[in-house]
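**Q** Prediction below, plus the sequence it came from.
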Amino acid sequence: MHDLTRCVQHPAVSHDGFKSLAVPTYRASTIVYDDPQDFARRAGRGLDGYTYGLHGTPTTRTLEAQITALHAGERTVLVPSGQAAVAITMLAVLKPGDTVLIPDHVYPPVRHLCTNYLASRGIAHRVYDPLIGAGIADLIDANTKLVWMESPGSGTMEVQDVPAIAQAAKVRGVLTGCDNTWASPLLFKPLAHGVDFAVEALTKYVGGHSDLLLGSITVKELGLRKALKDVLGVLGIGVSPDEAALALRGIETMGVRMAHSGRVARDFAERLQAAPAVARVLHPALPSCPGHEIFARDFKAASTVFSLVIKPEFAPRIYPALGQLRLFAIGASWGGTHSLIAPMDVVADRTVRPWNPAEGLVRLSIGLEEPGELWEDLSRFLDALEGATSVSG
């Protein structure tokens, strides 16, 4: 064999005696077939077969299977982000003339998807009160094909009555989807409560280290999986096995990370209720959070993210007060090892449940730093808010 050929053709080596705890990272664009007949029949391999790297490798399939098992679903498809998971779901089930119902607290890019993209293609949307519960039935008409939920809302933490909404939609033949990123399947399983599409940003808790972008859609019906895969196929959307490998590593510690940070977050939320600058603590485990009773009924525990409503007289100091923090990083997303904090502006995105523009809103994500040092850091922020510390604006 010529040296140039040896450079291309890898030698076979024995795997005898080798067994790793890690999932191998299989990278591929081309999938090699045994013979031309096998290649010609590749379409017959179906959605669970391997035909081209864009459609999956054993690495991505392992992550899909693991997410499916956690949700007690039938199949999962991976997409490049949480927002992509929402968009692909809507594109898979909506056509011109259809209507989707979205909650007023929905992740802002989802509202923008409906307003700026779907609307111009003949797909309407209507916004509903996230606390509407079974009353959603009054908003469902002949054109309604999907009811979207996000529980809790990722900014203002309203907990939706997912079972009641799903049941009201089901009896009218309407599909439902739920963004379950805040809880993960460890704390809430939407499919078990009648939802058709369970969507998550694996970027958050599954990844766990703020270094990947990935989303998932889990279903209980193979027909819904086919609809999703059809959209992914025609749009040429796939995910990198390297991203999936990072997620497979992160998911192994997701349970202990969420349990620890969730306990710290709840402790902080309870203590922050006494802060003079705080009007309300929006943590689903606290009675002050809208939908708390639903949370207590349906969720196993609370996760790591909650928000503070800042009293109007202190709200102008939020930005300079954030500058006093030393451990909390200012940034979007959550679920990583680093604690995060971010000022939120939801006024312009509320049309059904108006938000008081005089109040401030700050969202926290608790990471894995030593809790005492994190509390000291938050205390610096609170002192600056309350004027006990001199800050430059």
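**A** Alright, I've got the coordinates. Treat the numbers as computed from the prediction; the structure is a model and nothing was measured. Numbering: from 1, shown residues only.

**Q** quick check: longest helix of this protein.
**A** helix 254-272 (DSSP state H).

**Q** Just list what that one packs against, helices and strands only.
**A** Counting contacts by 3 or more CB pairs under 8 Å, 6 or more residues apart in numbering; DSSP states H and E, helix 254-272 is packed against helix 184-187, strand 278-282, strand 305-310, helix 371-386. In short, each C-beta sits where N, CA and C put it, glycine included.

**Q** Now do the SS call for Arg126.
**A** Classification of Arg126 using DSSP: H, G, I helix; E, B strand; the rest coil returns strand.

**Q** any idea what sits nearest it, other than its immediate chain neighbours?
**A** With sequence-adjacent residues excluded and distances taken as CB to CB, 6 or more residues apart in numbering, Arg126 is closest to Leu101, at 5.4 Å.

**Q** and that neighbour, what element?
**A** strand 99-103 (DSSP states H and E).

**Q** helices or strands next to that strand in the packing?
**A** strand 124-128, strand 144-150.

**Q** Adjacent strands (with direction) for that strand?
**A** strand 124-128 (parallel), strand 144-150 (parallel) (DSSP bridges).

**Q** Now do the contacts for Pro58.
**A** 24, 26 (CB atoms under 8 Å, 6 or more residues apart in numbering).

**Q** quick one: low-confidence parts of the chain?
**A** 388-393 (pLDDT under 70).

**Q** domain assignment for it?
**A** 36-251, 254-386 (automatic domain parsing).

**Q** Redo these as CSV? Include distance to Gln9.
**A** Below are the domains of the chain laid out as CSV (distance: least, CB to CB, whole Å):
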stretch, distance to Gln9
domain 36-251, 20
domain 254-386, 40
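
**Q** Select, out of those domains, the one closest to Val13.
**A** domain 36-251 (18.6 Å; CB to CB).

**Q** if we can go back for a sec, what's the following helix or strand after the strand holding Leu101?
**A** With secondary structure assigned by DSSP H and E, strand 99-103 is succeeded by helix 108-112.

**Q** Could you check that following helix and say which residues are buried?
**A** Neighbour-count burial for helix 108-112 flags 110-111 (criterion: 16 or more other CB atoms under 10 Å).

**Q** Then stretch 317-337?
**A** Neighbour-count burial for stretch 317-337 flags 317-318, 321-322, 324-325, 327-328, 333-336 (criterion: 16+ other CB under 10 Å).

**Q** Between all of these, which two are separated the most?
**A** For the buried residues of stretch 317-337, and using CB to CB, no pair is farther apart than Arg317 and Gly335, which are 28.1 Å apart.

**Q** so which of the strands paired with strand 99-103 is the most packed in?
**A** Among the strands paired with strand 99-103, strand 144-150 has the highest mean neighbour count (mean count of other CB atoms under 10 Å), at a mean of 24.

**Q** now the following helix or strand past it against strand 144-150, angle please.
**A** Downstream of strand 144-150, the first helix or strand assigned by DSSP H and E is helix 162-170. Angle of helix 162-170 versus strand 144-150, following axes from the mean of the first three to the mean of the last three CA atoms, to 10 degrees, is 170 degrees.

**Q** Can you point out the buried residues in helix 162-170?
**A** Result for helix 162-170 [16+ other CB under 10 Å]: buried residues 162-169.

**Q** Kindly report the same for stretch 297-309.
**A** Buried-residue list, stretch 297-309, by 16+ other CB under 10 Å: 298-299, 301-309.

**Q** Identify, from the residues you listed, the entry nearest to Ala274.
**A** Of all those, Ala274 sits closest to Leu308, with 12.2 Å by CB to CB.

**Q** so the closest one touches Gln273, yeah?
**A** No. Under the criterion of CB atoms under 8 Å, Leu308 makes no contact with Gln273, lying 9.6 Å away.

**Q** Spit out the residues that contact the two alike.
**A** Val281.

**Q** show me where the protein has helices.
**A** Going by DSSP H, the chain shows helices at 3-8, 36-40, 58-71, 82-93, 108-112, 162-170, 184-187, 222-235, 241-251, 254-272, 292-298, 318-322, 371-386.

**Q** highest average neighbour count across the domains of the chain?
**A** Most buried among these, counting by mean count of other CB under 10 Å: domain 36-251, with a mean of 20.

**Q** and it, how far out from the chain's middle?
**A** 9 Å (CA atoms, centre = their mean, to the nearest Å).

**Q** quick revisit: which one of the domains of the chain lies nearest to Asp3?
**A** Nearest of the domains of the chain (CB to CB): domain 36-251, 28.3 Å.

**Q** Next, the distance between the ends of that closest one.
**A** 39 Å (CA to CA, to the nearest Å).

**Q** With His112 as the reference, measure out to Pro190.
**A** Pro190 is 23 Å from His112, where distance means CB to CB, to the nearest Å.

**Q** List the residues that contact the closest residue to Asp196 other than its chain neighbours.
**A** Leaving aside its chain neighbours, Asp196 sits nearest to Leu175 (4.7 Å; criterion: CB to CB, 6+ apart). Contact analysis of Leu175 by CB under 8 Å, 6+ apart lists 93, 145-147, 169, 196-197, 224.

**Q** sorry, back to before: nearest approach to Pro11 belongs to which of the domains of the chain?
**A** Using CB to CB, the nearest of the domains of the chain to Pro11 is domain 36-251, at 21.6 Å.

**Q** wait, which of the buried residues of stretch 317-337 is closest to Gly291?
**A** The closest of the buried residues of stretch 317-337, once distances to Gly291 are taken by CB to CB, is Trp334, at 19.1 Å.
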